[in-house]
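**Student:** Sharing a model that was predicted from the sequence below.
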Amino acid sequence: MSTRKPKPRGRSFARGNKAASKGQPRTVAFSCRLPERTAYKLASLAFGRCSRADALIELIDEAELRQ
């Protein structure tokens, strides 16, 4: 006897799993000038190669340097 799969509910479920199932990062429109090091950290985060904490620390450091 086969069991039924639970029905996905909500848009976020479908969006996140579509991107993950294709091996692609979730993307949002974002435009600003960033130092190369910071942009690399964010790209690594998008592709799952670094932690959120690393990316946030990098962004905070860059913001402090610009003030």
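**Tutor:** Thanks, I have the structure now. Residues are numbered from 1 along each chain as shown.

**Student:** Would you mark the buried spots in the biggest helix by length in the chain?
**Tutor:** For the chain, the longest helix by residue count, based on DSSP state H, is helix 52-66. If you call a residue buried by 16 or more other C-beta atoms under 10 Å, then helix 52-66 has these buried ones: 55, 58. All C-beta atoms are positioned from the backbone trio N, CA, C, and that covers glycine.

**Student:** got the contact list for that helix?
**Tutor:** 34, 35, 37, 38, 41, 42, 44, 45 (C-beta atoms under 8 Å, 6 or more residues apart in numbering).

**Student:** now the residues you listed: which count as buried?
**Tutor:** For those, a burial check counting by 16+ other C-beta under 10 Å picks out 38, 41, 45.

**Student:** For the second one, which non-adjacent residue is spatially closest?
**Tutor:** The spatial neighbour of residue 41 that comes closest, neighbours along the chain excluded (C-beta to C-beta, 6 or more residues apart in numbering), is residue 58 at 4.4 Å.

**Student:** The last one too?
**Tutor:** Leaving out its chain neighbours, the residue that sits closest to residue 45 by C-beta to C-beta, 6+ apart is residue 55, at 4.3 Å.

**Student:** pLDDT score for that neighbour?
**Tutor:** On the pLDDT scale, residue 55 is placed at 78.

**Student:** can you check the one 4 residues further on too?
**Tutor:** pLDDT, residue 59: 78.
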